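1. Mind folding the following:
(2 chains)
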Amino acid sequence: MRRVATTLARNGGRALGARSGMLAARQAARVSLVQPAPLAQLRAPVTLNMGVRAFSASSTFLPEAEVQERVIEVIKNFDKVDASKVKPEAHFINDLGLDSLDAVELVMAIEEEFVIEIPDDQAEKILTCDDAVKFVSQHPQAQ
Amino acid sequence: MAARLGSAGVALRSAAMNAGAVRGLAAAATEGGNAAEARSLYRRFLRAANGFGDYNLREYTKRRAGEEFRAHADAPSDKIATLLTRGANELEVIERQAAISKLFKHVNSVMDLPSKKRME
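-> All right, here's what the predicted structure looks like:
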């Protein structure tokens, strides 16, 4: 008998708690309908969720030394290039003996290495290893 | 399997035709304003070729495009416009075939593995 009474009391209490909770929620909803929460409050959780993705500029650029090393590696691995001639300042056509189509292929190979897409007008300007290093290290999406 | 081979066959044939279209592009590559246009077209060929999942189709298309561009590297200037137009038409074929090839399953080639793993 005593146990039943306690259960009843507990359940009653819970029901009451739930009801008051609903009431509070309804009130809150009504309040937010009438008066929208301040923008800053709405945005706060969104900012937290996006903590993993960096949209800021500085942190996403690759270090120039790493870019140079990888660019040179790509160029050395290119079929028609004599690896011993590859230097940071080497010109694709004049120093490495490539034709203009090879230069296009080389720039495409660099695109693939860094998973970026270089637009035509920019790709036309990349004629030496240094040009490529400069472009890639200034590209925020290079990886 | 038959469907896969069928699509590959079509793609190969169109790639061969496309190679013809690429002709003159190389020619353009050595000339003034046309050179930039030819390089740009060549770049689009390479990008389109990357649309093939199958290693053989992809590499064949790239190789064939390079051959044709270079074969016409010193085409007479009056032929260049024709060659560029043909190249553009062939590029459309490649793009279409690459899109179609995506509808079919392909088996990865051993050449698709990173080179270090290939050596093991």
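2. Can you give me the neighbour number for A:Ile75?
-> 22 (other C-beta atoms under 10 Å in any protein chain shown). Bear in mind the C-beta positions are built from the backbone N, C-alpha and C, glycine included.
3. Kindly report the same for A:Ile118.
-> 20.
4. so the residue nearest to it when sequence neighbours are not counted is in which element?
-> The spatially closest residue to A:Ile118, leaving aside those adjacent along the chain, is A:Glu111, at 5.4 Å (C-beta to C-beta, 6 or more residues apart in numbering or on different chains). Assigned by DSSP states H and E, A:Glu111 falls within helix A:100-114.
5. ok, now which ones touch A:Leu127?
-> By C-beta atoms under 8 Å, 6 or more residues apart in numbering or on different chains, the contact set of A:Leu127 is A:His91, A:Phe92, A:Ile93, A:Ala103.
6. I'd like to know how far it sits from chain B.
-> 12 Å (C-beta to the nearest C-beta, to the nearest Å).
7. what about stretch B:83-93, near chain A?
-> No - using C-beta under 8 Å from any C-beta of the partner chain, stretch B:83-93 stays clear of chain A, coming no nearer than 12.5 Å.
8. pLDDT on that stretch, on average?
-> Per-residue pLDDT over stretch B:83-93 has a mean of 96.
9. buried residues in it?
-> B:Leu83, B:Leu84, B:Arg86, B:Gly87, B:Glu90, B:Leu91, B:Val93 (16 or more other C-beta atoms under 10 Å in any protein chain shown).
10. Out of these, the closest to chain A would be?
-> Of all the buried residues of stretch B:83-93, chain A sits closest to B:Gly87, with 12.5 Å by C-beta to the nearest C-beta.
11. quick one: the helix or strand containing the closest one to chain centroid distance?
-> Assigned by DSSP H and E, B:Gly87 falls within helix B:77-101. For helix B:77-101, the distance from its own C-alpha centre to the chain's C-alpha centre is 9 Å (C-alpha atoms, centre = their mean, to the nearest Å).
12. And for the following helix or strand past that helix, what's in contact with it?
-> Per DSSP H and E, the first helix or strand lying C-terminal to helix B:77-101 is helix B:115-119. For helix B:115-119, the surrounding residues in contact (C-beta under 8 Å, 6+ apart) are B:Val110, B:Met111.
13. What parts of chain A come near chain B?
-> So far as C-beta under 8 Å from any C-beta goes, chain A lies against chain B at A:Asp99, A:Ser100, A:Leu101, A:Val104, A:Glu105, A:Met108, A:Asp120, A:Ala123, A:Glu124.
14. If anything else comes up later, I'll come back, but that's it for now.
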